[in-house]
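Colleague: I would like the atomic coordinates for the input below:
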Amino acid sequence: MPTVGSGSRIPPGGTPGHVLIKKSNVDYDAQWNAVTALKGDKGDEGDPGPAGPKGDTGSVGPAGSVGAAGAQGVKGDSGPGVPTGGSTGQVLAKTSGADLATGWVSPPTPSFVSIFKFGVD
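Modeller: Okay, the predicted model is just below:
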């Protein structure tokens, strides 16, 4: 057996990547083993790592289904409606600039001047 240092003996054999491991407390009781043989007990779980960077926004998903119809609303107050009265041929027209100011009026009679002015054939 070859010797190293102060007469120690190295066992023959071993291949690249092997290490010399003691088999007992007896001097020179060693053997060549692959590094993969140096496996101890499983250690404790480590702390979680830092959060990764925010990912890209995903694409828009499909539209959801139409929900159920809502409950019937409360009936509102009555509006001003159409004024009573009026005669055949009259039209409902604004009587002032105020909101809801309407009344029945006779339409103006067309004249030659108004027809010519608006280009009616």
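
Colleague: tell me the mean pLDDT for stretch 57-69?
Modeller: Here stretch 57-69 scores 94 as its mean pLDDT.

Colleague: no, scratch that, I was asking about stretch 108-120
Modeller: Mean pLDDT, computed over stretch 108-120, is 58.

Colleague: So which residues of this structure form strands?
Modeller: Counting by DSSP state E, the chain has strands at residues 3-4, 8-9, 18-22, 30-34, 91-94, 102-105.

Colleague: Mean pLDDT, distance to residue 70 and mean neighbour count added to those, as a markdown table?
Modeller: No exception for glycine: its C-beta is placed from N, CA and C like everyone else's. Below are the strands of the chain laid out as a markdown table (pLDDT from 0 to 100; distance: least, Cβ to Cβ, whole Å; neighbours: other Cβ atoms under 10 Å):
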| stretch | mean pLDDT | distance to residue 70 | mean neighbour count |
| --- | --- | --- | --- |
| strand 3-4 | 51 | 91 | 9 |
| strand 8-9 | 69 | 92 | 12 |
| strand 18-22 | 83 | 78 | 12 |
| strand 30-34 | 84 | 74 | 14 |
| strand 91-94 | 88 | 35 | 11 |
| strand 102-105 | 90 | 34 | 14 |
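
Colleague: Of all those strands, which one is nearest residue 44?
Modeller: Among the strands of the chain, the nearest to residue 44 by Cβ to Cβ is strand 18-22 (25.0 Å).

Colleague: Mind giving me the packing neighbours of that closest one?
Modeller: The contact analysis (3 or more Cβ pairs under 8 Å, 6 or more residues apart in numbering; DSSP states H and E) places strand 18-22 against strand 30-34.

Colleague: And the contacts of the strand it packs on?
Modeller: 10-11, 13-15, 17-23 (Cβ atoms under 8 Å, 6 or more residues apart in numbering).

Colleague: Please save the CA atoms from that strand in CSV.
Modeller: In CSV, the C-alpha atoms belonging to strand 30-34 read as follows (Å, rounded to 0.1, in the frame of the first residue of the first chain):
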residue,chain,number,x,y,z
ALA,A,30,-10.6,3.6,5.1
GLN,A,31,-12.1,3.0,1.7
TRP,A,32,-12.7,4.9,-1.5
ASN,A,33,-16.4,5.9,-2.1
ALA,A,34,-18.2,8.0,-4.6
